[in-house]
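S.K.: Just a sequence and a predicted model for now, questions to come.
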Amino acid sequence: MGKTLYLDCSTGISGDMTVAALLDLGADVTVLYQALNSLPLTGYQLRISRVHKSGLAACDFAVLLDEAHENHDHDMEYLYGHGEYDHEHDHSHDHEEHHHEHPHRNLPEILHIIRHGDLTPRAMALAERIFTILAQAEAKAHGVPVEEVHFHEVGAVDSIVDIVAAAVCFDNLDIERVILPRLNEGRGSIRCQHGVIPVPVPATLAIVQAYGLPLHIGDTEGELVTPTGAAIAAAVATQFQLPDRFQVEKTGIGAGKRAYERPSLLRAMLITEAVHQETVWKLETNVDDCTGEALGYVMERLQAAGAREVHFFPVYMKKNRPAYQLDVLCDEGDIPTLENILFAETTTIGIRRMKMERTVLPRENRTVSTPLGEAQVKICTLPDGARRAYPEYDSVAALCRQTGRAYPEVYQMVQNSVDMNR
C-alpha cells in the first residue's frame, strides 16, 4: 500500500525545494543519480548538502550549471530590482537567464529527453504529466496553442533536472496520496524575459485555476510559488484537506534559494490517519406493552432528532413476559431531547444511561461515476493503511429502480467503480 504525503507549502513550493524535501524524507540518492545520469542531458552537476535556515536543518538540492547554461536566477537584484539578495547558487528554474541565450525546447523535445532516460514507468509518467501541465499553463498565459509553446523559461537544463528528480523521488518513496491544504504565495511583481509581471505569475495562476489548487496570498513581497512548483503540486495532489487526526511517521525539509523575510522551506511529512476514539452515550430501556407500529414510529422520531443508532430486540422480562429492549446511541447533548421522546412515545417509566468509548475508522464520503450513473460511497481506512469501499444503500437502491437491475449486481458495479487511490 502506497504512502500518504502531506506537503506544507507555508512558504511556497518550487522544483528544487520539492526534490530536497523528498530526499530529506529518505528518497534513495543512488537511485536518483542513476536516473538523472541516464538522461541525454549535459551541462550541469548536482550538489546535495545540508544547510541551516533560521536555525532549522534542511536539505538543499542544487543544479550547478556550466557557463553556457547558467541562468543567474538567484540574482534577487535582477528579479526584483531592489533590496538585499542571497549570493548562494540559486537555480529555482523558472525564469529565463538574462545574460545568455538558452536553447528553446518545445514539449515533444522535452518528452523525448525524458523517454530516453532509464526511469521506471511510474516516474516517467509523472515527469511527463508535470511538463504537460506546464505546457498547458504557458499556452494559456501566452495565448498560443500548446504545440507552439517553447519552454524558454521552464525548458532550461535545471528545470528538466528538477522535474525528473521530483518524479523519481515520488516514485522511490512509493507515495500514492498527497494532501496539499493550500499554496502560500507572495505578492508584488517579478522580472522575467518578457518584462515585469505580477505575482502570482500568469503560468502559476493558470495552473492554480485549471486544477483547483487552494491558493493564499500573503504579505511577503516576492514569488513563493513557481510555475514548476505549482505544476508538481497539480500533478501529485489527491486531496486538499488533512484528516482531523493523524500520526507523523517522518518529516523532510527542503530549502529554497531565494532570500525573503521568512526562510523558504518546504516541509513534507509521511503521515498515517490515526484511529479516532470518541465517547458516545447509550440510552436503554425495556418496554413490554408497545406495538410494533409504535416502536417503528419512535425509531423514526429518535433518528430524526439526532440519534446515531436506534435498535430494539426481543427480551424476556420478569414473570417471563415477552418485551423489547430499546437501545439508543447518541451524543451527550442530545440526551434530554431523546429521553423526552422515549417517555412520550413509549410506556417506559425509566431509562438507563451508559457512557461508552468507541473506536472509529477514518472515513470519507465520495461520489463515483458508474456505467449506470453517479453513486455515493463511504471509504474507510484500516489501521494498516488498507482502504475499503462501502456503497451507500440509497444510491444503490436508486440505480436499481432506474435500471431495473438486481441490487447485488448494482452494488458490485458501484464498488468496482471506486478509485481507492484518489
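M.R.: Received, thanks.
S.K.: contacts, neighbours, all on C-alpha from now
M.R.: Will do.
S.K.: ok, what's across the strand from N106?
M.R.: Going by DSSP bridges, N106 is paired in beta bridges with H150.
S.K.: okay, now it: neighbour count?
M.R.: For N106, the neighbour count with other C-alpha atoms under 10 Å is 16.
S.K.: what about it, distance to I335?
M.R.: According to C-alpha to C-alpha, to the nearest Å, N106 stands 66 Å off from I335.
S.K.: show me where this protein has helices.
M.R.: Here the chain has its helices, by DSSP state H, at 15-25, 29-37, 76-80, 107-115, 121-142, 157-172, 202-211, 227-236, 292-304, 335-345, 393-403, 407-416.
S.K.: Out of those, which is closest to E249?
M.R.: E249 lies closest to helix 15-25 among these, at 9.9 Å (C-alpha to C-alpha).
S.K.: Counting by contacts, list what that closest one packs against.
M.R.: strand 56-65, helix 157-172, helix 227-236, strand 246-255, strand 265-273 (3 or more C-alpha pairs under 8 Å, 6 or more residues apart in numbering; DSSP states H and E).
S.K.: Could I get these in JSON lines, plus columns for mean pLDDT and mean neighbour count?
M.R.: Output for these, formatted as JSON lines (pLDDT from 0 to 100; neighbours: other C-alpha atoms under 10 Å):
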{"stretch": "strand 56-65", "mean pLDDT": "92", "mean neighbour count": "21"}
{"stretch": "helix 157-172", "mean pLDDT": "94", "mean neighbour count": "25"}
{"stretch": "helix 227-236", "mean pLDDT": "95", "mean neighbour count": "26"}
{"stretch": "strand 246-255", "mean pLDDT": "93", "mean neighbour count": "18"}
{"stretch": "strand 265-273", "mean pLDDT": "92", "mean neighbour count": "23"}
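S.K.: export those to JSON lines and tack on distance to Y316?
M.R.: Formatted as JSON lines, the helices and strands packed on helix 15-25 follow (distance: least, C-alpha to C-alpha, whole Å):
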{"stretch": "strand 56-65", "distance to Y316": "68"}
{"stretch": "helix 157-172", "distance to Y316": "61"}
{"stretch": "helix 227-236", "distance to Y316": "59"}
{"stretch": "strand 246-255", "distance to Y316": "45"}
{"stretch": "strand 265-273", "distance to Y316": "43"}
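S.K.: which one of these lies closest to I130?
M.R.: Nearest to I130 among the helices and strands packed on helix 15-25 is helix 227-236 (5.5 Å), distances taken as C-alpha to C-alpha.
S.K.: Alpha carbons of the closest one, as CSV, please.
M.R.: The C-alpha coordinates for helix 227-236 follow below in CSV (Å, rounded to 0.1, in the frame of the first residue of the first chain):
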residue,chain,number,x,y,z
PRO,A,227,5.3,27.6,-12.1
THR,A,228,7.3,24.4,-11.7
GLY,A,229,6.3,24.1,-8.0
ALA,A,230,2.6,24.7,-9.0
ALA,A,231,2.8,22.1,-11.7
ILE,A,232,4.3,19.5,-9.4
ALA,A,233,1.5,20.3,-6.8
ALA,A,234,-1.2,19.9,-9.5
ALA,A,235,0.3,16.6,-10.8
VAL,A,236,0.5,14.9,-7.4
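S.K.: what's it packed up against?
M.R.: helix 15-25, helix 121-142, helix 157-172, helix 202-211.
S.K.: Run a quick neighbour tally on the residue nearest to K53 when sequence neighbours are not counted.
M.R.: Counting by C-alpha to C-alpha, 6 or more residues apart in numbering, K53 lies nearest to P263, which is 6.0 Å off, once chain neighbours are set aside. A total of 16 residues lie near P263 under the criterion other C-alpha under 10 Å.
S.K.: Might you report the residue contacts of P263?
M.R.: Applying C-alpha atoms under 8 Å, 6 or more residues apart in numbering, we find P263 in contact with T11, K53, S54, G256.
S.K.: how about 10 Å then?
M.R.: By C-alpha atoms under 10 Å, 6 or more residues apart in numbering, the contact set of P263 is T11, H52, K53, S54, L56, A255, G256, K257.
S.K.: Drop anything exposed from these.
M.R.: Buried subset of those (neighbour count, 16 or more other C-alpha atoms under 10 Å): T11, A255, G256, K257.
S.K.: Which one of these is nearest to D289?
M.R.: Nearest to D289 among the buried ones among the contacts of P263: T11, at 66.8 Å, using C-alpha to C-alpha.
S.K.: That closest one is in contact with R258, isn't it?
M.R.: No: using C-alpha atoms under 10 Å as the test, T11 is too far from R258 to be in contact (11.2 Å).
S.K.: which residues are common contacts for these two?
M.R.: E223, L224, S264.
S.K.: got JSON lines for these, with neighbour count, distance to Q325 and pLDDT too?
M.R.: JSON lines is the format used below for the shared contacts of T11 and R258 (neighbours: other C-alpha atoms under 10 Å; distance: C-alpha to C-alpha, whole Å; pLDDT from 0 to 100):
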{"residue": "E223", "neighbour count": "25", "distance to Q325": "65", "pLDDT": "91"}
{"residue": "L224", "neighbour count": "27", "distance to Q325": "62", "pLDDT": "93"}
{"residue": "S264", "neighbour count": "22", "distance to Q325": "62", "pLDDT": "89"}
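S.K.: Find the residue closest to A167 in space, skipping its chain neighbours.
M.R.: Spatially, and ignoring its direct neighbours in sequence, A167 is nearest to A123 (5.0 Å; C-alpha to C-alpha, 6+ apart).
S.K.: Thanks a lot, see you next time.
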